[in-house]
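Peer 1: Model the structure of this input:
(chains A and B)
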Amino acid sequence: MIKGYAGRILDVDLSRRTFGFRPLDEATAKLYLGGKGYGIRLLYDLTPAGIDPLGPENPLIFATGPLNGSLAPQSNRFAVVCKSPLTGGIGSAACGGSFAFGLKKAGIDILIVRNQSPTPLRLELDGDKDSVTFLDATDLWGQGTRATQEALGKGRNHAVIGPAGENLVLYAGIVSDERIAGRTGVGAVMGSKRLKAISVTGTRKLELENQEKFNEYTKWLRKLFRSHPVLGEKLRRYGTMGIVNTTNARNILPTRNFKLGHHDDAMSVSGEYLEDHGLVGVKSSCIHCPVACGREVTVAGVGRVKGPEYETAALLGPNLEITDLRWVNEWNFLADDLGMDSISLGVTLGFAMELQERGLLQSGLTFGDATGISAMIQDIAHRRGLGNDLADGVKRMSERHGGADFAMHVKGLELSAYDPRGSYAQGVEYATTNRGGCHVQGASMYFESTGPLTIDPQSLRLKAEIPVVQQNLACAINSMVLCIFTTYGMIPRQVHELDPKGRLHRTITFLFERSGPMYRLLTKLKLAPVTWFEKWLTYITGQTFTSGHLQEIGERIFNLERMYNLREGIGGAEDTLPHRMLHESTFPHLDSGHPLDQLLPRYYEIRGWDPQGVPLQRTLDRLQVRT
Amino acid sequence: MSITVELTYDLAKALGNRRLELEGTPTLRQVLALTRERFGAEGAAFDRLTRVTALVVNGVIASRTHGQDTPLQDGDRVSFLKAAAGG
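Peer 2: Below is the predicted model of the structure:
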């Protein structure tokens, strides 16, 4: 087996209560790395088109990659893959915490969970005994993710669902420690199997091809990350909420259900404000992470808990016209404990508020008023009353109540907290990403709107190129499996330290903005490792990786995802943005919104797809994508 | 003519105010000068805290247009932008 892999897939059948180990396929690992990529390959091969996402035929796949268990910084993440009950297309989510580490220590690269149990169940996996124990989980059913993990105890690594997953909330997630695989409703799929929790243990040692070089390089890299202005300073000091004031200044902070991109009081939910008002500690729930972006806050009646991330602070904050951190902290805790995606939750609540404002739904929820939101979040998780409606997300709600023009989703997945009208590459990324409107499938906004470069986010230059390169890279990263934050280190400290008002900075930006052909060429070259991604893979597996290889692997995964969606009837017509994003302007110098129609043809061309967004056969052949 | 200046967290903390309302400031250069004036003897602190920031008018980086000579209009919002990353 290639080094870096445990070499085993564990296949569990909940109906028959059987399990079996089989070898990981080396050829597939070479083509798709592991994690999300390998998981999607399995999903494509194991299922026919048109399955019910909440039916027994939808497998739930937990997948690690060659980086997991290696002790590389930011590498304790796992991917979850299944058909999404929220979008009807490819479902995938990634999660930190400690579960990935546990799986690898148990000698498991990938865990496939099939079929459904008639009663609540939990699994205990023991990698040393090669055993799987099926245990009754009736006593845990209904418990929050925190209480569930406490009951399961220390000494094992857990992945659990809360009431939201049990009650099939379409944006329920799977929680490990205090991190969540939040997007696309993977928790509802676990709930449909009546699988409350998976606990894993093992003491197997991971073998790397060149442990000495890996250690030496990783030690150096830890120092580099610690001194990096974003990874080592801003994220470490303020957490991800440290970006609130930046997106607000850029006019891309979702406010009032994305009606606006700026809130006068946004500073009150920023990482800087939190540091001075209510931060009780720094917490990294992901083991071996030198960044430690997690914050610790106090919630009344609960105690110390993990604080909100940027997405949560923005979408449960200014997006609802709420800027009192005490509420945001409480709702964030509720979302985590009940086990649901706080991005989809925030957007859904904002949509319900606008429906109320327009007289389309008597939701009882109004912008700027925190009254009733905590109770509504509980109702959503338990599908009680109007909560049952909101539990289906904004796409289905708009089909029932109207308001499709301001239903903020792509392909059914609620938008993340970067308004694409001020971040055109991010808009293309939202529109084309296979799982729907999400920011961590490329994070294009960092290169055009929030990072140290000051390219014009509202020109058309590079706005098709950046998403292609970043989506490919993100696919590879999610298959290693690494944290997307590692990409923030790609812009060196020296650029961060330049004054953006100065001539040198403007020159660098000017050149970058015109680097489209060079940008594409560089990503195709397979000459030498360029960044830590390739070096780590090379030291771990013994195979030579370059940025060109990673782009190719990522492109392969992205195209396979695309083929999965096409098989499910989701194609180019769904590569769009909400009406509000396309037709309403939030900038005084512009009359309309995001110019997607001018960028999409170019994006398809670079991808090697036809004008309808379907990969050409020669593209699939080049990438060895079997369909 | 009224211009709103939104300060960074550090600037706001130093000045004890999150935003300033300035009257009769037709260019960004004048906005910068008047904002610095508010810091009085602490002008050096203002320079330090704004060294690695871009100037933004209504969400658009000013160096993209006319730099500090960017003409302003009544009701414009001027911000100091610091690079950051979230997720």
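Peer 1: Could you give the bridge partners of residue 20?
Peer 2: In the absence of a named chain, chain A is used. Legend: beta-bridge partners of residue A:20 under DSSP bridges are residue A:11.
Peer 1: that's the other chain; I wanted chain B
Peer 2: Beta-bridge partners of residue B:20, counted by DSSP bridges, are residue B:5.
Peer 1: my guess is it meets residue B:12, correct?
Peer 2: No - using C-beta atoms under 8 Å, residue B:20 is not in contact with residue B:12, being 9.8 Å away. For the C-beta atoms, the positions are set from N, CA and C on the backbone; glycine is no exception.
Peer 1: any idea of the mean pLDDT in stretch A:185-203?
Peer 2: The average pLDDT within stretch A:185-203 is 98.
Peer 1: Just the CA atoms of that stretch, as CSV, please.
Peer 2: What follows is stretch A:185-203, C-alpha atoms only, in CSV (Å, rounded to 0.1, in the frame of the first residue of the first chain):
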residue,chain,number,x,y,z
GLY,A,185,-27.4,18.0,5.3
VAL,A,186,-25.0,15.1,6.0
GLY,A,187,-26.4,15.0,9.5
ALA,A,188,-29.9,14.3,8.2
VAL,A,189,-28.5,11.3,6.3
MET,A,190,-27.0,10.0,9.5
GLY,A,191,-30.3,10.6,11.3
SER,A,192,-32.2,8.8,8.5
LYS,A,193,-30.0,5.7,9.4
ARG,A,194,-30.9,6.3,13.1
LEU,A,195,-27.2,6.3,13.8
LYS,A,196,-26.6,8.6,16.7
ALA,A,197,-22.9,8.2,17.1
ILE,A,198,-19.7,6.6,15.9
SER,A,199,-16.8,6.1,18.4
VAL,A,200,-13.5,5.0,17.2
THR,A,201,-10.3,3.8,18.9
GLY,A,202,-7.0,2.3,17.9
THR,A,203,-3.3,2.5,18.4
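Peer 1: got any ranges where the chain has weak pLDDT?
Peer 2: You didn't say which chain, so I picked chain A. Low-confidence segments of chain A (pLDDT under 70): A:284-285, A:528-529.
Peer 1: oops, chain B please
Peer 2: Those would be B:64-65, if you go by pLDDT under 70 across chain B.
Peer 1: need the residues of it near chain A, please.
Peer 2: Neighbours of chain A within chain B, by C-beta under 8 Å from any C-beta of the partner chain: B:6, B:8-10, B:12-13, B:18-19, B:51-56, B:58-61, B:63-64, B:67-68, B:77, B:79-87.
Peer 1: can you pull the contacts of the single nearest residue of chain B relative to chain A?
Peer 2: Going by C-beta to the nearest C-beta, chain A is nearest to residue B:59 of chain B, at 2.7 Å. For residue B:59, the contact set (C-beta atoms under 8 Å, 6 or more residues apart in numbering or on different chains) comprises A:249, A:250, A:251, A:252, A:261, A:262, A:422, A:586, A:587, B:77, B:79.
Peer 1: In strands, which of those fall?
Peer 2: Counted as lying in strands by DSSP state E, out of these, are B:77, B:79.
Peer 1: I'd like to know which elements the helix ranked longest in chain B is packed against.
Peer 2: If you go by DSSP state H, chain B has its longest helix at helix B:28-38. Counting contacts by 3 or more C-beta pairs under 8 Å, 6 or more residues apart in numbering or on different chains; DSSP states H and E, helix B:28-38 packs against strand B:2-6, strand B:19-23, helix B:43-49, strand B:54-57.
Peer 1: Mean neighbour count for these - can I get that in a markdown table?
Peer 2: Below are those laid out as a markdown table (neighbours: other C-beta atoms under 10 Å in any protein chain shown):
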| stretch | mean neighbour count |
| --- | --- |
| strand B:2-6 | 19 |
| strand B:19-23 | 14 |
| helix B:43-49 | 14 |
| strand B:54-57 | 23 |
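Peer 1: Got a PyMOL select line for the buried ones in the residues of chain B next to chain A?
Peer 2: To isolate the buried ones among those in PyMOL, judged by 16 or more other C-beta atoms under 10 Å in any protein chain shown, type:
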select buried, chain B and resi 6+8+9+10+12+18+19+52+53+54+55+56+58+59+60+61+63+64+77+79+80+81+82+83+84+85+86+87
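Peer 1: quick one, strands of the stretch 151-300 of chain A?
Peer 2: Taking DSSP state E, counting those that start in this stretch as the criterion, the stretch 151-300 of chain A contains strands spanning A:157-160, A:174-176, A:179-181, A:195-201, A:281-282, A:295-299.
Peer 1: Tell me which of those is the most buried.
Peer 2: strand A:174-176 (a mean of 30; mean count of other C-beta atoms under 10 Å in any protein chain shown).
Peer 1: Check whether residue A:474 really touches residue A:441, as I assumed.
Peer 2: Yes - look at residue A:474 against residue A:441 with C-beta under 8 Å: they come within range, at 5.0 Å.
Peer 1: who's in contact with residue A:189?
Peer 2: Counting by C-beta under 8 Å, 6+ apart, residue A:189 touches A:53, A:54, A:58, A:60, A:82, A:83, A:85, A:91.
Peer 1: got a list of what the nearest residue to residue B:24 once chain neighbours are set aside touches?
Peer 2: Leaving aside its chain neighbours, residue B:24 sits nearest to residue B:1 (5.8 Å; criterion: C-beta to C-beta, 6 or more residues apart in numbering or on different chains). Residue B:1 makes contact with B:23, B:24, B:25, B:26, B:72, B:73, B:74 under the criterion C-beta under 8 Å, 6+ apart.
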